[in-house]
Each structure stands twice: as structure tokens, then as C-alpha cells.
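Enquirer: Sequence first, predicted coordinates after that:
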Amino acid sequence: MKFLSEKLNEEKVFKDPVHRYIHVRFRLIWELIGTKEFQRLRRIKQLGTAYFTFHGAEHSRFNHSLGVYEIARRIIDSFEDIEDVEKWSDHDRMLCMCAALLHDLGHGPFSHSFEKVFQLDHEDFTRKIILGDTEINEVLKKVSENFPQEVADVIAKTSDNKLVVSLISSQIDADRMDYLLRDAYYTGVSYGQFDIERILRIMRPHGDQTVIKHSGMHAVEDYIMSRYQMYWQIYFHPVSRSAEVILTKILHRAKQLYEEGFTFKLPPHHFYSTFDGNVSVEDYLKLDEGVVMYYFQIWQEENDEILQDLCRRFMNRNFFKYVEFNPNDHMKEWYKLMALFKEAGIDPEYYLVVDSSSDLPYDYYRPGEEGERLPINLLMKNGELRELSRQSEVVESIAGKRRTDHKLYFPLDILMDEKDNGEIKRNIREILYK
């Protein structure tokens, strides 16, 4: 257990545009950062396809993971300075900082889009990497044989240490605070800005959760509204979603061709295990966005017209156009559009796509409901805890309210080319733009 609290001879710092500096004092953290599994995160973008819309959004999961670690470290240090608060043990402190650092370890290339196509779960792979035959596991085991499992349990939210879990995964945690500030910085917008210094000063440990001093309520309101704006202005931007639609369709098409026995000019060796649904940790770690983009570059010259076209669109930013469209409200038009696309020789499976995005910016505690979320609690002067939306009219106005946006994506350039099936394409356009 000596390794748990062993400090470096000299503190290491990372210059960071969001937090100014990220401080590493402990050898355990430094060695984790140096592992090949953690360094792989440099090759996974934090915001997936958003860089097509916001050209500055090239930052990585590596940047973000360091930022989450730094916020967790600062929260723990701030707890140490509060009178009448039980001091954290070296074990709990390092457990929290390791979980913060490693929480995104299992993200694949283009993260959620990749997961959706191949039915993978990045949190599951995070735990497998931590517990498997990896450099990460070797470093964690220097603390104790059971320490990798303890870190994995925090990330899986199954740990008995609920206070540590709440700092990594809750409605106001180190993860969310970093990605809002970092994503706002790199996309060049002001929506995600909030007073993190104020929030860190008024956070308090209270039993098995973190709470907020009532005097800091307005800083938390600002944080909640920043999150709300970031989702609708950045994360759900329709152009980024168009890029995601094409990305997922490329992967679907490549998988379908593989299953049909298609002979690729360049055999997609890196995808075989994902296509077969039998992905080992070793195979998964070989996948990053550089590998995926290499195949997309090659597939622009593939013999399959659909795969070729989709890859050219993605590589050259020639995305699908979109209209507001909820098929549940327009079922008749939806079936008619699919029939017309087939009649025009355009495969609706790849060229007519509904994408729906929804967000619940803040939820309150509803016991027994599936996916229930612990609320943000305010610590009142008399020591009572009050749920945030009961005190804040601003938060109450959006609490528990899910907003959903539906878009229909299609290749307008193909529909405008009337050399073939011109009348059918005009009929399609009339339905889309009526």
C-alpha cells in the first residue's frame, strides 16, 4: 500500500487551456497517464463529428480525462480545508482520482456512433481494460490485488463508497463540469461557461453524497442552464448529426458487405471482430479514429457504389440535408417517401434517415422509477437538505422535462439531379418541403 501515497520527486504539470494547469503529485497517477491504454485516448476525439461544424473541436478524450482528474483532485483538496468535515483517507483520495482519470478509458473511435452500430458499451470496455491483461491493470495492482476492481466498481456506480461515485457520476460531477467548460472552449461558444471556482468552493461532502451550500444556488442554476444550452446548440447541432448519420451508415454498409462475402480491395482486418460481434479487449484497443479514417479514405475507391459514395461524403464534408420530421406524426408520408426512394433507385436504408435527439437537463428524485437520478441537494442554514428545483424557479422550469428533436436526413444533390427518374424526384422534394 506504500505505492498508494508515494509522491513524485517533483510535481508534474500539464499546461491546460481550461484549468490553466493540471497538477500530478502522485506516482500512481503519473504511471497511469503513461500507459499505452491511456495514451490511446489522444487518438479519440471528445466530440466525435462536431469538428465538421465547429472547426476548433479537435480536442481528445485524453484532454478531457486529465481535466476530470484535475477537478476531482481540487474538490478533494477543498474538502480537506473545511472544518468539521471528516478527512479523506489516502485510499479514498486515490480511488477517486484514479476513477476520475480512467472513467472514459473504454471509448472507441467516434464514441457513441461506433457503439450504436456494433452494440458496444464504452463503460463495459472501461471496466474490461481496467481488469484485463493491460498496463493499466499492472499499475493499479501495485496498490493491491483488489484495487483495479475497486476503481472499476466506482466507474460502474456499484461501489459501496457512494460519495466517491457521486464525484465521478452524478448531476453535478467532475465529468460534466469539465466537458461543459472544455467543449465550450474548443467550439468557441459561451453557452457552456459557468463559475466553476464558485461551485468548488460551495460543494460539501454530506454522508454518501455531495451537496451545495444554499448560498451557491445561483452558481448551480448557471451550470444547469449552461448544460441545457450546450446540448441544444452544440451536441445536437443538425450538421454534426448529419455527419454522424453518414458515419453510422458507412459502418452499417461495410458490415453488411462483409456478411454478404463481398471482396474488399483492402480487407478491413481491424473491423473483423466488431463485424462478428466478438470483440476482445486487445482488438478494441487497436481501434482509434486514425485507423477508421484510413479505411474511409480507401473505401472512397471501393467497388460498392453506396460505400464509395458515403465515404466520399464523409471525407469531403458533403453531408445530407435535413427537414423537421417526426415519422410518428407523419406515418403516411414516411411510407410514401420510402416507396418513392426505392422507385427512384435510391436505397432508403442508407439515404433516408430519421435521427432523434433528446435531453433531460435536470431530473429530480422519483423513487422506484427506472433510471432514477439522485438530485442536487442544497444544504440550508439549519442543516436541512432541500432538492434544488424546490428552491430554484429557474431549475423548476426545466426539471423532469425531456425535450426531443426529430430530423429527416436525405441527399438533396441526388434528388436535384433529374437526369434519371426526374418526376419521381420532384414528387419526393414536394413531400419533403411542403
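Expert: Received, thanks.

Enquirer: could you list every residue that touches E123?
Expert: For E123, the contact set (C-beta atoms under 8 Å, 6 or more residues apart in numbering) comprises 106, 155-156. All C-beta atoms are positioned from the backbone trio N, CA, C, and that covers glycine.

Enquirer: hang on, it is in a helix, isn't it?
Expert: Yes - according to DSSP: H, G, I helix; E, B strand; the rest coil, E123 belongs to a helix.

Enquirer: What's the separation between it and S169?
Expert: E123 sits 10 Å away from S169, going by C-beta to C-beta, to the nearest Å.

Enquirer: which residues do those two both contact?
Expert: I155.

Enquirer: Which parts of this protein belong to which domain?
Expert: 2-235, 238-357+406-433 (automatic domain parsing).

Enquirer: who wins for proximity to N377 among those domains?
Expert: domain 2-235 (4.6 Å; C-beta to C-beta).

Enquirer: if you average pLDDT over the closest one, what comes out?
Expert: Mean pLDDT, domain 2-235: 94.

Enquirer: and the end-to-end length of stretch 118-135?
Expert: The straight-line separation of the ends of stretch 118-135 (C-alpha to C-alpha, to the nearest Å) is 26 Å.

Enquirer: And the domains of the chain: which comes nearest N382?
Expert: Judging these by C-beta to C-beta, what sits closest to N382 is domain 2-235, at 9.8 Å.

Enquirer: what's near enough to touch R73?
Expert: For R73, the contacting residues are 23, 97, 100, by C-beta under 8 Å, 6+ apart.

Enquirer: Dump those into TSV; add secondary structure, distance to Y335 and neighbour count as well.
Expert: Listed next are these as TSV, based on DSSP: H, G, I helix; E, B strand; the rest coil; distance: C-beta to C-beta, whole Å; neighbours: other C-beta atoms under 10 Å:
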residue	secondary structure	distance to Y335	neighbour count
H23	strand	59	15
M97	helix	54	27
A100	helix	49	31
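
Enquirer: quick one: which of those residues is nearest Q46?
Expert: Nearest member of these to Q46, counting by C-beta to C-beta, is A100, at 15.4 Å.

Enquirer: If we ignore the residues flanking it in sequence, what's nearest the closest one?
Expert: Distances taken as C-beta to C-beta, 6 or more residues apart in numbering place A72 nearest to A100, at 3.7 Å, with adjacent residues excluded.

Enquirer: ok, now D347?
Expert: Once flanking residues are discounted, D347 sits nearest to I306: 6.4 Å by C-beta to C-beta, 6+ apart.

Enquirer: Surely the one you found and R253 touch.
Expert: Yes - under the criterion of C-beta atoms under 8 Å, I306 makes contact with R253 at 5.5 Å.

Enquirer: Look at these two and report which has more neighbours.
Expert: Between I306 and R253, counted using other C-beta atoms under 10 Å, R253 has the larger neighbour count: 23 against 19.

Enquirer: Remind me what the host helix or strand of that one packs against, helices and strands.
Expert: Here R253, judged by DSSP states H and E, is contained in helix 238-259. Helices and strands touching helix 238-259, by 3 or more C-beta pairs under 8 Å, 6 or more residues apart in numbering; DSSP states H and E, are helix 111-118, helix 272-276, helix 289-299, helix 305-316, strand 321-324, helix 348-351, strand 353-359, strand 403-410.

Enquirer: ok now whichever helix or strand comes after the fifth one, how far from the chain's centre?
Expert: The reference is to strand 321-324. Once strand 321-324 ends, the next helix or strand along the chain (criterion: DSSP H and E) is helix 331-343. Distance of helix 331-343 from its chain centroid, counting by C-alpha atoms, centre = their mean, to the nearest Å, is 34 Å.

Enquirer: Over to stretch 159-168?
Expert: In terms of C-alpha atoms, centre = their mean, the gap separating the centre of stretch 159-168 from the centre of its chain is 20 Å.

Enquirer: Buried residues in it, which are they?
Expert: Of all the residues in stretch 159-168, those buried under the rule 16 or more other C-beta atoms under 10 Å are 159, 161, 163-168.

Enquirer: Just send those back as JSON lines, with distance to I76 and secondary structure too.
Expert: Converted to JSON lines, the buried residues of stretch 159-168 look like this (distance: C-beta to C-beta, whole Å; DSSP: H, G, I helix; E, B strand; the rest coil):
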{"residue": "S159", "distance to I76": "16", "secondary structure": "coil"}
{"residue": "N161", "distance to I76": "13", "secondary structure": "coil"}
{"residue": "L163", "distance to I76": "10", "secondary structure": "helix"}
{"residue": "V164", "distance to I76": "10", "secondary structure": "helix"}
{"residue": "V165", "distance to I76": "14", "secondary structure": "helix"}
{"residue": "S166", "distance to I76": "13", "secondary structure": "helix"}
{"residue": "L167", "distance to I76": "8", "secondary structure": "helix"}
{"residue": "I168", "distance to I76": "12", "secondary structure": "helix"}
